[in-house]
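> The sequence isn't on hand, but the structure is:
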Ligand SMILES: Nc1ncnc2c1ncn2[C@@H]1O[C@H](COP(=O)(O)OP(=O)(O)OP(=O)(O)O)[C@@H](O)[C@H]1O
Ligand SMILES: [Mg+2]
């Protein structure tokens, strides 16, 4: 297994948001995670990435055989974990290119590699921007500074393409995107699909799953995975709401 | 990242804190007319200067140390300080290799073949200038760049005409003290119509314990000339405080432009606030003629206390004043810094961009005055003051004073205060960036507008300095 989560129980400000969650994702697979607003999807993503403010009461999460929950956030990133944020933050005055260079330097240093030379980075960044339909001057702009919602999401994908992580969590990469942008984002994800890489896509809509076919779809409810199924499960949810698919589940 | 981690990230070793073991000639501590006579005689000064110093000293004795700034410190014992310290010269021509070593260690290009070939350096060690590079190349262009003590000998008429013309000896307590005891500093004269072929820079180093440094810089840009000048400063780590009370005067005649940049990294003291330099500096420029331009850019990361307000008097019509500042405080540092833009001439313009960054238990204040006199029709000022807080124990303050006596002048002021947010840090760390680099990256972005104003070589230096100042071990 690439990602193994066992009995993960997490509280935020004393309230249990995740409660005994189990999840396995094998290398090469794409899993989708759905669930009502406030179910705890972003909480799961943040806990895996190491954000502060979450109290892990029980359980564990392994990336390959590394115990994620004991690692610093940057160490998790260096181990290959990437989180595309639901709400990417702005870093005024720091250009996208400078940000990418710093991140790449740190990741490469952790792997014992020399820094990528500027020309190679610029070439790769320009190419990735083009794939995502972003203008060339985009790289010079401050990180997410004044970006539209859709541009922010595409910027997350741009970073993913350049940082080449092994395990990717995409937290609602599709929300707020027009149909063309959605296709570009999906194309970006598909570009990275490889037998030694895995994805967890958090979404409310089956549409993105038309372009990035998932191996499994899970529904988060009551703090754990209440239902899992094949890609069709996303359509059942779309058609009948969560009540229909969760009927008789343990929540 | 927790507050303690942030604090750890911000506490780092001061890299310039070593002491040079060199024989010095020093006066015993204390200040009276004899000390002033000694300094003046030591430098073989003309009578006008001796008298000027003594007048300043008498003025100073009647003045009180100012306490309106947002800083707090123990009383300074002016009789406990040394007012003159100079490395002993081994011969008239030879420079002690230990001095060269010191500057090399600090990354100052004191060899003319150095990588920064476009920069001429004047190196001031304690009370005296120890070397000046590229003198020949500059004199070919007619540019004078030498220690002020040398200028007093060679160009007494220029010195007499301009010394104290912008910052009179009685201007303030510290300026009066400086006028009485100033020991050395740089002198620059750019002739009419000349664009200075090199960046000029002075590097100040305090070495000897308990020594006050009182340098005096005088820059005159004659009509239609241009010069870019940079000063850098460091001092060893010492447990007691050191006083630095400099005066800088700039004069830009008609159509001349002076760009003055400072990278100030005096020893800031330790985490508890022991030691560190008191940086009480008076810097002022006069746009004397039509269309003159003076631009101050400063990156202030050092000193226990910073008290300085590089200012511009916009006397000539259509003259321009600029002030771009980054002031970073951490540990127990206190900074009260800003500028004064005094608009006298018509259609004069000024721009102020101040970026204050406070971390640890530090206090960081911007204090700025924009005055538009009745005759300054069509004057314009734009002020932008941004503060960035790192952690919960520091403070940022803004004291803007606007005095507009001309209804047709336009004065705009914008201010903001923000924090390095947990969200921004987490975002960076999620991309694999360690916390120190993340903080440096965020702070660098915040300062971008000011860094862009520095000469290219120094912009890189300033960025690195900021990074080093923010670097450290993280638990
Ligand atoms: N820092 C926090 N402080 C207080 N409550 C929080 C915090 N973070 C999450 N929560 C709460 O935890 C619950 C789960 O939130 P989470 O963001 O994980 O939901 P989600 O499944 O991602 O929802 P959505 O589909 O709306 O994005 C919510 O009730 C939310 O209010
Ligand atoms: Mg969410």
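It's in. Everything numeric in this text was worked out from a predicted model, so none of it was measured. Ligands and ions are numbered 1, 2, ... in the order given.

> Pick out the residue in chain A sitting closest to ligand 2.
Distances between chain A and ligand 2 by Cβ to the ion are smallest at residue A:42, namely 3.1 Å. Every residue, glycine included, has its C-beta placed from N, CA and C.

> Which neighbouring elements make contact with the helix or strand where residue A:5 lies?
Using DSSP states H and E, residue A:5 falls within strand A:3-12. Strand A:3-12 sits against strand A:15-25, helix A:41-49, strand A:55-63, with contacts defined as 3 or more Cβ pairs under 8 Å, 6 or more residues apart in numbering or on different chains; DSSP states H and E.

> is ligand 2 contacted by that strand?
No. Strand A:3-12 stays clear of ligand 2 (Cβ under 5 Å from the ion), getting no nearer than 12.6 Å.

> just the angle between that strand and helix A:41-49, please?
Going by axes from the mean of the first three to the mean of the last three Cα atoms, to 10 degrees, strand A:3-12 is angled at 110 degrees with respect to helix A:41-49.

> Need the residues that contact strand A:3-12.
Contact with strand A:3-12 is made by A:16-25, A:40, A:43-44, A:47-48, A:53-63, A:167, A:198, A:200, A:223, as judged by Cβ atoms under 8 Å, 6 or more residues apart in numbering or on different chains.

> cool, and stretch A:219-235?
Against stretch A:219-235 from outside (Cβ under 8 Å, 6+ apart): A:9, A:16-23, A:32-36, A:39-41, A:44, A:206, A:209, A:213-214, A:216-218, A:236-237, A:242, A:245-246, A:249-251.

> returning to what we had before: for burial, what's the neighbour tally of the residue of chain A closest to ligand 2?
19 (other Cβ atoms under 10 Å in any protein chain shown).

> Count the neighbours of residue B:97 for me.
Residues within reach of residue B:97, counting by other Cβ under 10 Å, total 10.

> Quick one, grab the pLDDT at it.
With respect to pLDDT, residue B:97 scores 71.

> same check, this time on the one 5 residues further on
According to the model's per-residue confidence, residue B:102 sits at a pLDDT of 69.

> Equivalent analysis for residue B:445, please.
In this model, residue B:445 is scored at 88, pLDDT.

> got it, and residue B:237?
Note on residue B:237: pLDDT of 64.

> Could you find the closest non-adjacent residue to the residue in the stretch 151-300 of chain B that ligand 1 sits nearest to?
Residue of the stretch 151-300 of chain B nearest ligand 1, by Cβ to the nearest ligand atom: residue B:271 (31.8 Å). Distances taken as Cβ to Cβ, 6 or more residues apart in numbering or on different chains place residue B:331 nearest to residue B:271, at 5.1 Å, with adjacent residues excluded.

> Just the buried residues of the contacts of strand A:3-12.
Among the contacts of strand A:3-12, those classed as buried by 16 or more other Cβ atoms under 10 Å in any protein chain shown are A:17-21, A:23, A:25, A:40, A:43-44, A:47-48, A:54, A:59, A:61-63, A:167, A:198, A:200, A:223.

> Which strands or helices does the longest strand along chain B pack on?
Using DSSP state E, we find that the single longest strand of chain B is strand B:276-287. Judged by 3+ Cβ pairs under 8 Å, 6+ apart, strand B:276-287 is in contact with helix B:173-181, strand B:241-244, strand B:247-252, strand B:257-264, strand B:293-300, strand B:305-308, strand B:311-314, strand B:320-329.

> let's see it at 7 Å
When contacts are defined as 3 or more Cβ pairs under 7 Å, 6 or more residues apart in numbering or on different chains; DSSP states H and E, strand B:276-287 packs onto helix B:173-181, strand B:241-244, strand B:247-252, strand B:293-300, strand B:305-308, strand B:311-314.

> what's the third one in contact with?
Read that as strand B:247-252. Applying Cβ atoms under 7 Å, 6 or more residues apart in numbering or on different chains, the contact partners of strand B:247-252 are B:162, B:165-167, B:175, B:178, B:182, B:216-221, B:258, B:260, B:282-288, B:292-294.

> What subset of those residues is buried?
B:162, B:166-167, B:175, B:178, B:182, B:216-221, B:258, B:260, B:282-288, B:292-294.

> how about whichever residue of the stretch 251-400 of chain B sits closest to ligand 1, secondary structure?
Taking Cβ to the nearest ligand atom, ligand 1 has its nearest neighbour within the stretch 251-400 of chain B at residue B:392, 18.1 Å off. Under DSSP: H, G, I helix; E, B strand; the rest coil, the three-state class of residue B:392 is coil.
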